[in-house]
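*Asks:* Kindly return the folded structure for what I paste below:
(one chain, ligands or ions: 2)
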Amino acid sequence: MAKVITVALGGNAINKPGQKGTAEEQFENVRNTTKQIVKMIKKGHKIIITHGNGPQVGSILIQQEAGSDQVPPMTLDICGSQTQGQIGYMIQQSLGNEMKKEGINKTVVSLVTQVIVDRNDEAFQNPRKPVGPFFDEEHAKKMMKEKGETWIEDAGRGWRKVVPSPIPKGIVEIEAIKSLVDAGFIVVASGGGGIPVVINEDGTYTGVEAVIDKDRAGEVLAEEVNADILMILTDVPYAAINYGTPEQKNLEKVKLSEMKRYFAEGHFKAGSMGPKVEAAIKFVENGGEKAIIASLENALEALENDKGTVIIPD
Ligand SMILES: Nc1ncnc2c1ncn2[C@@H]1O[C@H](COP(=O)(O)OP(=O)(O)O)[C@@H](O)[C@H]1O
Ligand SMILES: NC(=O)OP(=O)(O)O
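*Replies:* Ligands and ions are numbered 1, 2, ... in the order given. Have a look, this model is predicted:
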């Protein structure tokens, strides 16, 4: 049966650790991803796409700093908006081309999306979202000392700068997103978790310097568009317990209460798998049919044959 599926694509799947992150590399990764999405569209599913931007927004920050003696650097919220354009463009073109090859006549649109956060969110005092490339410990320590930045070791892959990542509360442009989906467009929205904004006393919005987690924002988007399924696609085929140890066990079909127990036991790392599992739990808890965490390559297989971690209600 055709489903409404919100697909969240990892920023690290578009700009893979170990790659330089050239335009060609990122375009190639997006192209491979969109081939998977087309398979789902061909099956009649209605797809709404969101994507991460951790590597890309961190790279833009480095570019800002490198050129700051010639042109003024932009703030982090503006850098986030740039990634919505950059990645949205790659998805629009790649998915459009793939659909054309398959004789599917649909238009892909990316919407610059603002996402509301609380200005008192504790994340502003406690940066935990990794952005940008992976560096060695020596570089991380230097940046912490010289620039007062916060860096962490990211899931065994190297050191990354971290920035505040407040909880998403709502999507400013949600009615436009719904209208576009209803009109038959394939919508890319809330990219990079959305541009973080706070509401002022008079109801206006102002951007704040943070990067919202795209899995959390993707969950909000999935609920708002009444998706049946939240599908989080990343660079590992399963969420695992005892990850990275000899006792690692990949999770396949898991009931909500069991997943909540694993989450409480701390099996999923903050800033990487943690928010994915948290988003999956919230989506199913709030009435979603199922949430899937799977690798990009396995998207359709995960949907049809549970080849991934599939969280279902109890
Ligand atoms: N329990 C776990 N199970 C599987 N992967 C995990 C776990 N804990 C941390 N990870 C890490 O999470 C990474 C995926 O998260 P992340 O890099 O944020 O992806 P994306 O950019 O695709 O959103 C994996 O590459 C893996 O290293
Ligand atoms: N904004 C965000 O969560 O990006 P990643 O998925 O790249 O970490």
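
*Asks:* Can you say which helix or strand has residue 50 in it?
*Replies:* Element membership for residue 50 (DSSP states H and E) is strand 46-51.

*Asks:* got it, and residue 160?
*Replies:* Applying DSSP H and E as the criterion places residue 160 in strand 159-163.

*Asks:* does ligand 2 sit close to that strand?
*Replies:* No. Legend: contact between strand 159-163 and ligand 2 by CB under 6 Å from any ligand atom is lacking; minimum distance shown is 9.8 Å. C-beta: built from backbone N, CA, C; applies to glycine.

*Asks:* And the pLDDT at residue 235?
*Replies:* With respect to pLDDT, residue 235 scores 87.

*Asks:* Just give the nearest non-adjacent residue to it, would you?
*Replies:* In this structure, residue 235 finds its nearest non-sequential neighbour in residue 13, 5.1 Å apart by CB to CB, 6 or more residues apart in numbering.

*Asks:* what number of residues lie near that neighbour?
*Replies:* 21 (other CB atoms under 10 Å).

*Asks:* same deal with the one 4 residues further on?
*Replies:* Other residues near residue 17 number 15, with proximity taken as other CB under 10 Å.

*Asks:* Residue 141 now?
*Replies:* Using other CB under 10 Å, residue 141 has 13 neighbouring residues.

*Asks:* residues contacting it?
*Replies:* The contact partners of residue 141, by CB atoms under 8 Å, 6 or more residues apart in numbering, come to residue 151.

*Asks:* Please name the residues that touch the closest residue to ligand 2 within the stretch 51-200 of the chain.
*Replies:* Closest residue of the stretch 51-200 of the chain to ligand 2, CB to the nearest ligand atom: residue 52 (2.1 Å). Taking CB under 8 Å, 6+ apart as the contact definition, residue 52 lies against 8, 9, 10, 11, 12, 13, 14, 192, 193, 214.

*Asks:* Widest-spaced pair of those residues?
*Replies:* Greatest spatial distance among the contacts of residue 52 (CB to CB): 13 and 193, at 15.1 Å.

*Asks:* surely the residue nearest to residue 235 meets residue 232?
*Replies:* No. Residue 13 lies out of contact with residue 232 (CB atoms under 8 Å); the separation is 10.4 Å.

*Asks:* all helices for the stretch 101-250 of the chain, in order.
*Replies:* Counting by DSSP state H, counting those that start in this stretch, the stretch 101-250 of the chain has helices at residues 137-147, 174-182, 214-224.

*Asks:* How far away from the center of its chain is the strand holding residue 160?
*Replies:* Mean-position distance between strand 159-163 and its chain equals 16 Å (CA atoms, centre = their mean, to the nearest Å).

*Asks:* so that strand versus helix 137-147, what angle?
*Replies:* Angle of strand 159-163 versus helix 137-147, following axes from the mean of the first three to the mean of the last three CA atoms, to 10 degrees, is 30 degrees.

*Asks:* What strands line up against strand 159-163, and which way round?
*Replies:* Strand 159-163 has the following strand partners under DSSP bridges: strand 129-135 (antiparallel), strand 150-153 (antiparallel).

*Asks:* Minimum distance to residue 199: which of the helices of the stretch 101-250 of the chain has it?
*Replies:* With CB to CB, the closest approach to residue 199 among the helices of the stretch 101-250 of the chain belongs to helix 174-182: 14.4 Å.

*Asks:* Tell me who's in contact with residue 249.
*Replies:* 240, 241, 242.

*Asks:* Looking at it now. What's its pLDDT?
*Replies:* So residue 249 comes in at 97 (pLDDT).

*Asks:* ditto for residue 296
*Replies:* Looking at residue 296, its pLDDT is 87.
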